[in-house]
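In: okay, sequence plus prediction incoming.
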Amino acid sequence: MDIRHSGSTPSNTAPADYFTGTVWQEAICDPTETKAVIALLVTFAPNARTNWHKHALGQTLYVTSGSGLIQSRGGPVNTIRAGDRIWIPAGEEHWHGATPYNLMSHIAIQEVEDGTATHWLEPVTDAQYQGQS
């Protein structure tokens with residue numbers, strides 16, 4: 001058993017190669033512990049968002065606070081709020097992040113396949129973020 005007390009693990013800024021704006025990540029579990037699942041608490045500053053990306057085995061998001069935005073490629077931009085649970089099927093290209101005026105935190109859960117959980121794509125443009133394309 002390994003107990004990691006609150007505050008004992010530092011928050012990390014998310015890699016700028018995969019995110020726009022200020023984003024923090026805190027590991028809940030990772031493949032070195034579980035061998036199959038990654039779970040992160042991710043907090044987005046206003047206007048911050050992921051790049052377009054997809055998951056070989058899908059992804060579950062659980063919004064813990066604030067309000068955010070999410071979009072599947074070719075679909076509308078949707079608002080998500082604390083308490084919402086979102087399932088993104090395997091291979092579905094999508095992005096998610098905060099609204100322009102609010103922080104948003106969610107737990108992101110995805111399974112690992114062949115050593116990876118996420119296939120990162122290009123950044124989300126401001127026009128896409130604003131629902132204009």
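Out: Okay, I see it.

In: surely His106 is in contact with Val63?
Out: Yes: with contact defined as Cβ atoms under 8 Å, His106 counts as touching Val63 (4.7 Å). The way it works is simple: take the backbone N, C-alpha and C, and place the C-beta from them, glycine included.

In: who's more crowded, those two?
Out: Neighbours per residue, other Cβ atoms under 10 Å: of His106 and Val63, the larger number sits with His106, 27 against 20.

In: residues touching Ala27, list them.
Out: When contacts are counted by Cβ atoms under 8 Å, 6 or more residues apart in numbering, Ala27 is found next to 9, 39-40.

In: by pLDDT, give me the weakest of the residues you listed.
Out: Among the contacts of Ala27, Thr9 has the lowest pLDDT, at 79.

In: where do the helices sit along the protein?
Out: For the chain, applying DSSP state H gives helices covering 31-34, 126-129.

In: can you flag the weakest of these by average pLDDT?
Out: For the helices of the chain, where the average pLDDT is lowest is helix 31-34, sitting at a mean of 68.

In: what about Met104, neighbour count?
Out: 26.

In: one more: Met1?
Out: Quick note: Met1 (other Cβ under 10 Å) scores 2 neighbours.

In: distance check, it against Val37.
Out: Taking Cβ to Cβ, to the nearest Å as the criterion, Met1 is separated from Val37 by 18 Å.

In: and Ser6, how far is that from Leu41?
Out: Look at Ser6 and Leu41: by Cβ to Cβ, they are 11 Å apart.

In: more neighbours: which of those two?
Out: Neighbour totals were compared for Ser6 and Leu41, and Leu41 leads with 16 against 5 (other Cβ under 10 Å).
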